[in-house]
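Chemist: need a structure here:
(2 chains)
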Amino acid sequence: MISFLDFEKPIAELEARIAELRATASGSDLDIESEIGKLEKKSSGMLVATYAKLTPWQKTQVARHPQRPHFLDYIRLIFTDFVPLAGDRVYGEDEAIVGGLATLDGRKVVVIGHEKGHDTPSRIKHNFGSAKPEGYRKAIRLMELASKFGLPVVTLVDTAGAFPGIEAEERGQAEAIARSTEACLALEVPMVAAIVGEGGSGGAIAIAAANKVLMLEHAIYSVISPEGASSILWRTSDKAAEAATAMKVTAQDLLGLKVIDAVVPEPTGGAHRDPAATARALADALGHELDALGALSGPQLVRQREDRFLAIGSL
Amino acid sequence: MSWLDKVRNSLSNLSKRDTPDTLWMKCPSCGEMLYAKDFEANLSVCPKCEHHGRIGAKARFDQLLDAGYSVLPTPKVPENPLNFRDTKKYPDRLKAARAANPYPDALTNALGTIEGAKAVLGVQDFAFMGGSMGMAVGAAFVAGVEKAIAENCAYVICTAAGGARMQEGILSLMQMPKTTVATRRLAAAGLPYIVVLTDPTTGGVTASYAMLGDVQIAEPGALIGFAGQRVIQDTIREKLPDGFQRAEYLHAHGMVDMVVHRKDLKGTLAMLLGYLARKEVA
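Modeler: Okay, the predicted model is just below:
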């Protein structure tokens, strides 16, 4: 059962009406069948129309949809032979960032990403996808492992931001993020990052300083959450929609700014309506980029990545 | 009674309105009334409580570099790439900041010597839009590092920033990897990178170049952290410990090498450069 977002209310009402008709239809009642057919057509038409022109704030809600596929869904749907690797060898195991060895359509890679969880126990286990320093230090360790054994790195970014808490600060959250970004830039193997849900600030860029950066069609990527920008710049919490628009957080905007390299299309109605199709499209896009980068030498990969970030926003 | 108290007491018959605010100031930490010129002469450190006041690029250059330094031009970057407007238009905010500050953005570099040791010194100025890191700050940082590489000398940065410049959205976030490309190139050239964390250094600046120094120095009492204190308090809903995210706290947690009083900063930098800087080729 899909949970509907606020702006999907008219669609939700139609779907409820369809369900109601189905429940009352005897199966042979042609009038009801044809009415259901008409309503279904109308509903899917409304879904297409709504998702064709989502506002940045609506996209933010889609990107955060509780049923949106997360890291472990992609592992299950498009990666095989996943060997999770744990711990930062310094302090602990932070399950807000999951990573390990995996195979993507025959390509052996190291895959790293944020996992938000899908119900209360798993959300708590993964700290809602908000990593602490040990999460980023594990990412660094896995990137170094990838470099040592010549395995390309794939990252799936999906976090509201790095965890803001006392213990994260005292164990050096800022340093861990800075070193993780640095580790991305040092890789002598191909690295492709995909923003699959929320790309929240430093907690996102720490594993997204890649050769190629992809973004799902309704994902968002920003320096601060729209709510955070609203409270700082407008000094009120209710300008989030305005802030989302002003900050240009959508994949379409970011492609124009050359912050990302390609947009991966989502099924009509968003990734959560068809996780398998979303994952397949993502796998194809990742594979395409990995194969193209495979032609570059280690130093060329470092240079391409450096040039990519030096060029952003230059005159 | 100190001479300052004497002066202050002799002026107690003046109402606040009659006191030019450029002449007298109140220490933001202990509340002591200070004669502004004396405060400045004391490196903008309160003589009573040792509070280190926030200072701009010009004062830093004068304090840390030998006479005869040259201020480097701030690179031009696209202005207002997102056509951003919150309660004010971003270009209006920039204009106001430029009218109130000597340099065109929040990070300025100078080439000079520190007790004879050549260095490029970058200074972030909190007075310019909270020192925030946008494209201009990123470009200035990269230019400062490139100058250091060209001059075969160290790059020293005094950081001060609330974080990223939100009016530049994602482009400000992209300054984190961009500046890290520069620190990596400086390292590849075998040149020292020294960070002086000053009050306050938070957000994306801390989570990039401010934490990547070969040697990390902090000024006493400086607020240094990733997340803002209000955000942390809203998340955990507990009182923050005393001294949380202050320089001394970071030192105790192994995040900085030393906490150095401003009067000792130049000598400390010179000492470090003496050990780390490449010997000049004759």
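Chemist: Excluding chain neighbours, give the residue nearest to the closest residue to chain A within chain B in space.
Modeler: Taking C-beta to the nearest C-beta as the measure, the point where chain B comes nearest chain A is B:Ala227, at 3.3 Å. (Glycine included, C-beta is placed from N, CA and C.) Spatially, and ignoring its direct neighbours in sequence, B:Ala227 is nearest to A:Pro164 (3.3 Å; C-beta to C-beta, 6 or more residues apart in numbering or on different chains).
Chemist: do the same with A:Asp81
Modeler: Nearest to A:Asp81 is A:Thr103, by C-beta to C-beta, 6+ apart, at 4.9 Å.
Chemist: before we move on, what about A:Asp274?
Modeler: Distances taken as C-beta to C-beta, 6+ apart put A:Pro267 closest to A:Asp274, at 3.9 Å, once the chain neighbours are dropped.
Chemist: so what's the one you found up against?
Modeler: A:Pro267 makes contact with A:Arg273, A:Asp274, A:Ala277, A:Thr278, according to C-beta atoms under 8 Å, 6 or more residues apart in numbering or on different chains.
Chemist: Just the buried ones out of those, please.
Modeler: Buried by 16 or more other C-beta atoms under 10 Å in any protein chain shown: A:Arg273, A:Asp274, A:Thr278, out of the contacts of A:Pro267.
Chemist: List just the nearest of those to B:Thr235.
Modeler: The shortest approach to B:Thr235 among the buried ones among the contacts of A:Pro267 belongs to A:Thr278, at 30.3 Å (C-beta to C-beta).
Chemist: Can you verify that closest one is assigned to a helix?
Modeler: Yes. Counting by DSSP: H, G, I helix; E, B strand; the rest coil, A:Thr278 is found in a helix.
Chemist: so what pLDDT did it get?
Modeler: pLDDT, A:Thr278: 98.
Chemist: One more: B:Asn9?
Modeler: 59.
Chemist: quick one: the helices in the chain?
Modeler: This is for chain A. A:9-24, A:30-52, A:56-63, A:71-78, A:120-125, A:133-148, A:166-170, A:173-186, A:201-205, A:226-229, A:240-247, A:251-256, A:275-293, A:298-311 (DSSP state H).
Chemist: hm, I was asking about chain B
Modeler: Using DSSP H, helices in chain B cover B:3-10, B:36-41, B:57-64, B:90-100, B:135-151, B:169-173, B:175-188, B:229-236, B:247-252, B:262-276.
Chemist: from the ones you listed, which stretch is densest packed?
Modeler: helix B:169-173 (a mean of 28; mean count of other C-beta atoms under 10 Å in any protein chain shown).
Chemist: and that one, what does it pack onto?
Modeler: helix A:201-205, strand A:220-222, helix A:240-247, helix B:135-151 (3 or more C-beta pairs under 8 Å, 6 or more residues apart in numbering or on different chains; DSSP states H and E).
Chemist: Could you measure from the residue nearest to A:Leu101 when sequence neighbours are not counted over to B:Gln216?
Modeler: Distances taken as C-beta to C-beta, 6+ apart place A:Val83 nearest to A:Leu101, at 4.3 Å, with adjacent residues excluded. To B:Gln216, A:Val83 is 36 Å away according to C-beta to C-beta, to the nearest Å.
Chemist: can you pull the contacts of the residue positioned nearest the centre of chain A?
Modeler: Geometric centre of chain A, nearest residue: A:Val196, 1.8 Å, by C-alpha atoms, centre = their mean. Taking C-beta under 8 Å, 6+ apart, we find A:Val196 in contact with A:Pro69, A:His70, A:Phe71, A:Tyr74, A:Gly113, A:Leu156, A:Val157, A:Asp158, A:Leu216, A:Ala219, A:Ala271, A:Leu282.
Chemist: quick one, what contacts B:Gln63?
Modeler: The contact partners of B:Gln63, taken as C-beta under 8 Å, 6+ apart, are B:Leu43, B:Ile55, B:Arg262, B:Leu265, B:Lys266.
Chemist: close enough to count as contact, the fourth one and B:Ile217?
Modeler: Yes. Between B:Leu265 and B:Ile217 there is a contact at 7.3 Å, judged by C-beta atoms under 8 Å.
Chemist: got any residues that touch both of these two?
Modeler: Joint contacts of B:Leu265 and B:Ile217 (C-beta under 8 Å, 6+ apart) are B:Val196.
Chemist: and A:Ala23, how many neighbours?
Modeler: 7 (other C-beta atoms under 10 Å in any protein chain shown).
Chemist: do A:Ala295 as well
Modeler: With other C-beta under 10 Å as criterion, A:Ala295 counts 9.
Chemist: and it, how far is that from A:Ala186?
Modeler: On the measure of C-beta to C-beta, A:Ala295 and A:Ala186 end up 20 Å apart.
Chemist: Could you do B:Met133 as well?
Modeler: Relative to A:Ala186, and taking C-beta to C-beta, B:Met133 is found at 22 Å.
Chemist: Can you pick out the residue with more neighbours from the two?
Modeler: B:Met133 (35 against 17).
Chemist: list the contacts for the residue lying closest to A:Leu85 once chain neighbours are set aside?
Modeler: Spatially, and ignoring its direct neighbours in sequence, A:Leu85 is nearest to A:Gly100 (4.4 Å; C-beta to C-beta, 6+ apart). Listed by C-beta under 8 Å, 6+ apart, the contact set of A:Gly100 reads A:Phe82, A:Val83, A:Pro84, A:Leu85, A:Val110, A:Val111, A:Leu142.
Chemist: And those residues, which is closest to chain B?
Modeler: A:Leu142 (18.3 Å).
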